[in-house]
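Novice: Here is the input, now give the coordinates:
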Amino acid sequence: MSNLPKLAKIIISIIIFLLLLQLVVANRLTTVGLTLTSLAEQEQELRQENELLERRIATFSSLTQVGKRAEEAGFVKPQPFYFIPEFPVAAEFLNVSTPR
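Specialist: Below is the predicted model of the structure:
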């Protein structure tokens, strides 16, 4: 290499440096690409899981499911409730004392 002129040595050194730089950049791009692919797959999985959970929430919040779970928890349907008011006029007419 001592026979080559100084400019040729500089050009060869620059070319070797650029080739090494190319290798480093290509390696870095490959690593970043793999990371991006992994993140995209993870995003897709999370979207699918989110959709599944939304469907499950909709199923559990439907009125039939709520009623079914209430029955399982021991709740019962209310019985009819009749309120018979006290008529003080009739009680006074019959001379009956009304309980208070």
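Novice: May I see the buried residues of stretch 62-74?
Specialist: Of the residues in stretch 62-74, none count as buried by neighbour count, 16 or more other Cβ atoms under 10 Å. For every residue, glycine as well, the C-beta is placed using N, CA and C.
Novice: tell me the mean pLDDT over the helix or strand containing residue 12?
Specialist: Residue 12 belongs to helix 6-60 when elements are defined using DSSP states H and E. Regarding helix 6-60, the rounded mean pLDDT is 94.
Novice: who touches the following helix or strand past it?
Specialist: Where DSSP H and E defines the elements, the next helix or strand beyond helix 6-60 is helix 63-72. Helix 63-72 has contacts (Cβ atoms under 8 Å, 6 or more residues apart in numbering) with 59-60.
Novice: got the angle for helix 63-72 vs helix 6-60?
Specialist: 60 degrees (axes from the mean of the first three to the mean of the last three Cα atoms, to 10 degrees).
Novice: how many neighbours does residue 47 have?
Specialist: 10 (other Cβ atoms under 10 Å).
Novice: That one and residue 76, how far apart?
Specialist: Between residue 47 and residue 76 the computed distance is 42 Å (Cβ to Cβ, to the nearest Å).
Novice: and what of residue 8?
Specialist: 98 Å.
Novice: And these two? Which one has more around it.
Specialist: residue 8 (11 against 7).
Novice: Fine by me, we can end here.
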